[in-house]
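In: One predicted model, sequence on top.
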Amino acid sequence: MDKLIIKGRNKLYGTVEISGAKNAALPAMAAAILTSGDVHLNGVPYLADVTTMVKLLEKMGVKTAGYTDGTGVGVPGKSVTINTSGINTHEAPYDLVKTMRASVLVLGPLVARYGSARVSLPGGCAIGSRPIDLHIKGLAALGANVSIEHGYVNVKAKKLKGAKIVFDTTTVTGTENIMMAATLARGTTVIENAAKEPEITSLAEQLISMGADIHGAGTDIIEIQGVDRLHGCSMDIIPDRIEAGTYIIAAAAAGGEVEVSNCNPGHLDALLSKMKEAGIHVTGTGNSIVVKREKDAWLKSVNIKTSPYPNFPTDLQAQFMTLMTQGDDTGVITETIFENRFMHVAELRRMGADIKVENNVAIVRGRTRLMGAQIMATDLRASASLVIAGLMADKVTEVSRIYHLDRGYEVMEKKLSKIGAKIERVKV
Ligand code: EPZ
């Protein structure tokens, strides 16, 4: 298991290039199941989760090319071509689903295209129980027969029929699963209380380019007219707004002047407004955002409350909490999406942070000089918050279990070293 060694208190200067979005690439790959044509995806990030999705598709007999040709880790703009003509099973096994919950994204496409799917229930994950009951209710509403046996969900349907589906809770992958399934259903499907993330909009654009009839993606009501079949496509993966947000926060935390390039500032309004409220100079133009913080003065403490897009993303909560240790007062962080997304707090406390947690609220005292320490990553975004803490802390910080980081950040240590961070990966 690798770990990162970080020598803190070095300001960052230069440009960091953002990779393709993990949470857009995963549904884009699953969507290939809906067609017998080639699906060509450009700008796919080289990440553990994307490799898991490639393995899952290949285990089902789907052919992939381009991603695993060994052109090197972290080669920006990697592409993958997917073709399902060799598919020989409609099953997503436990050993893969347990490592990546987003494997459930094959469920909707399999039922829509082949009339059957057997997908392992994802089980819990570090940040919460994360059930898929809304995915299952949506498929049942489309006329599928659903049974749960031995930890697997079995779904069968001769032909899905369009329906009106109202999600009790806004669910990103739930919206994606049902939208994909509805593209081949008979008749009209309306999804109400749909997720509005940019990854939903980019998936809808991909499906439309494959011949689907979809209106309203990006709003909370999406209407899909079923069609007989979909054809292949070639699609660019959108930039990763969470990776971009992570580097924006890192640059503000470490100080200096950093340009975050190849991103979409329009996807980060909630974060950028909070950064400005905290007194950080951020300017977004075209496809880049410049972050400037030269003085060591304390930031303004601000409060955040996570909620679905376009509000403050839960995937940036841990990173922003680390930043609030540098506030001038007290920042209140309220997490409304997942029930256990404060696991970074215990590790930050070991670095001297003063954070009190009451249920889903964390109270972060500012004016803290973080101290380097040996700390442990617990989940993807928590690990990013610990790296940011290491950049700010005095002396040396060692972050272990960084396989969590590799799930969602393409060679973070290389990107940070390029802008002046003293960080190296060591094998243990
Ligand atoms: C997606 O997860 C993202 N993953 C997550 O990113 C992100 O944190 C999350 O959306 C929220 O924005 C991908 O897109 C691959 P949800 P998802 O369904 O779809 C509850 C990262 O760091 N819920 O929107 O699994 C659920 O428990 C990852 O990149 C049900 O109750 O999240 C949660 O409380 C972490 N039943 C809330 O809804 C369901 O059937 C939102 O979850 C589905 C969800």
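Out: In hand now; what should we look at?

In: what helix or strand is the nearest residue to Thr171 once chain neighbours are set aside on?
Out: Taking Cβ to Cβ, 6 or more residues apart in numbering, and ignoring the residues beside it in sequence, Thr171 has Leu134 as its nearest neighbour in space, at 5.0 Å. All C-beta atoms are positioned from the backbone trio N, CA, C, and that covers glycine. Using DSSP states H and E, Leu134 sits in helix 133-141.

In: now the helix or strand that that helix is followed by: mean pLDDT?
Out: With elements assigned by DSSP H and E, the helix or strand that comes after helix 133-141 is strand 145-149. Across strand 145-149, the average pLDDT comes to 94.

In: who's in contact with the helix holding Leu134?
Out: The set of residues external to helix 133-141 that reach it, using Cβ atoms under 8 Å, 6 or more residues apart in numbering, is 104, 107-108, 111, 146, 148, 153, 155, 157, 160, 163-165, 167-169, 171, 173-174, 177-178, 181, 191.

In: Return the residues of the stretch 101-250 of the chain in contact with the ligand.
Out: Where proximity means Cβ under 6 Å from any ligand atom, the interface of the stretch 101-250 of the chain facing the ligand comprises 101-102, 128, 130-135, 169, 171-174.

In: got a list of what the closest residue to Ser301 other than its chain neighbours touches?
Out: Using Cβ to Cβ, 6+ apart and skipping residues adjacent in sequence, the residue nearest Ser301 is Gly327, 3.0 Å away. Under the criterion of Cβ under 8 Å, 6+ apart, the neighbours of Gly327 are Ala278, Trp298, Leu299, Lys300, Ser301, Val302, Val364, Gly366, Arg367.

In: most surrounded residue in these?
Out: Val364 (27 neighbours; other Cβ atoms under 10 Å).

In: Surely that residue touches Ala353?
Out: Yes: at 7.3 Å, Val364 and Ala353 qualify as touching, with contact defined as Cβ atoms under 8 Å.

In: Quick check: neighbours shared by these two?
Out: When contacts are counted by Cβ under 8 Å, 6+ apart, the set common to Val364 and Ala353 consists of Thr325.

In: What is the neighbour count of Asn359?
Out: 9.

In: Now it: phi and psi?
Out: The phi and psi torsions at Asn359 (degrees, to the nearest 10) take the values phi 60, psi -120.

In: now swap in the one 3 residues further on and tell me
Out: Backbone torsions for Ala362, taken as degrees, to the nearest 10, come to phi -110, psi 130.

In: Bridged to the residue nearest to Ser301, which residues?
Out: Under the criterion DSSP bridges, Gly327 forms beta bridges with Leu299.

In: Low-confidence bits of this structure, can you list those?
Out: In the prediction, the chain carries residues with pLDDT under 70 at positions 68-77.

In: most centrally placed residue in it?
Out: Residue closest to the average C-alpha location in the chain (Cα atoms, centre = their mean): Asn23, at 4.3 Å.

In: and the helix or strand where that residue lies, how far from the chain's centre?
Out: Element membership of Asn23 [criterion: DSSP H and E] is helix 22-30. Taking Cα atoms, centre = their mean, to the nearest Å, one finds the center of helix 22-30 at 10 Å from the center of the full chain.

In: Residues contacting that helix, please?
Out: Contacts to helix 22-30, defined as Cβ under 8 Å, 6+ apart, come from residues 39, 41, 44-45, 47, 49-50, 53-54, 57, 80, 82, 102, 105-106, 108-109, 172-173, 176, 180, 197-199, 202-203, 206, 235, 237-238, 240, 242-243, 407-408.

In: Those residues in strands, which ones?
Out: Among the contacts of helix 22-30, the members falling in strands are Val39, Leu41, Val44, Val80, Ile82, Met235 (criterion: DSSP state E).

In: Dump the residues you listed into CSV; add neighbour count as well.
Out: Formatted as CSV, those follow (neighbours: other Cβ atoms under 10 Å):
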residue, neighbour count
Val39, 27
Leu41, 27
Val44, 27
Val80, 24
Ile82, 27
Met235, 22
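
In: from those residues, which single one is nearest the ligand?
Out: Lowest distance from the ligand to those (Cβ to the nearest ligand atom) belongs to Val44, with 14.1 Å.

In: doesn't Thr81 make contact with that closest one?
Out: No: counting by Cβ under 8 Å, Val44 sits too far from Thr81 to count as a contact (10.3 Å).

In: Quick check: the residue located most distally from the centre of the chain vs the ligand, distance?
Out: Here the chain has its C-alpha centre computed as a mean, and the residue farthest from that point, by Cα atoms, centre = their mean, is Lys158 with 33.0 Å. For Lys158, the distance to the ligand (Cβ to the nearest ligand atom, to the nearest Å) stands at 24 Å.

In: ditto for Ala157
Out: Relative to the ligand, Ala157 is positioned 18 Å away (criterion: Cβ to the nearest ligand atom).

In: Neighbours of that residue, how many?
Out: Counted with other Cβ under 10 Å, the neighbours of Ala157 add up to 21.

In: switch to numbering from 19
Out: With the count now opening at 19, the last piece we talked about shows up as Ala175.

In: Helices of the stretch 269-418 of the chain, start to end?
Out: Along the stretch 269-418 of the chain, the segments classed as helices by DSSP state H, counting those that start in this stretch run 287-295, 335-342, 362-368, 398-410.

In: and the angle from the last one to helix 335-342?
Out: Direction vectors for helix 398-410 and helix 335-342, defined by axes from the mean of the first three to the mean of the last three Cα atoms, to 10 degrees, enclose an angle of 20 degrees.

In: quick check: angle from helix 398-410 to helix 40-48?
Out: Between the direction of helix 398-410 and that of helix 40-48, the angle (the same axes, to 10 degrees) works out to 150 degrees.

In: And the ligand, is helix 398-410 touching that?
Out: Yes: using Cβ under 6 Å from any ligand atom, helix 398-410 reaches the ligand at Leu398, Arg399.

In: Distance of the residue of the stretch 219-368 of the chain found nearest the ligand relative to Ala270?
Out: Using Cβ to the nearest ligand atom, the point where the stretch 219-368 of the chain gets nearest to the ligand is Asp333, with a distance of 4.5 Å. Between Asp333 and Ala270 the distance is 17 Å, computed by Cβ to Cβ, to the nearest Å.

In: Report how many residues lie close to Asn280.
Out: So Asn280, with other Cβ under 10 Å, has 18 neighbours.

In: Hmm, I typed the wrong one, I wanted Ile51.
Out: Burial of Ile51, expressed as a neighbour count using other Cβ under 10 Å, amounts to 27.
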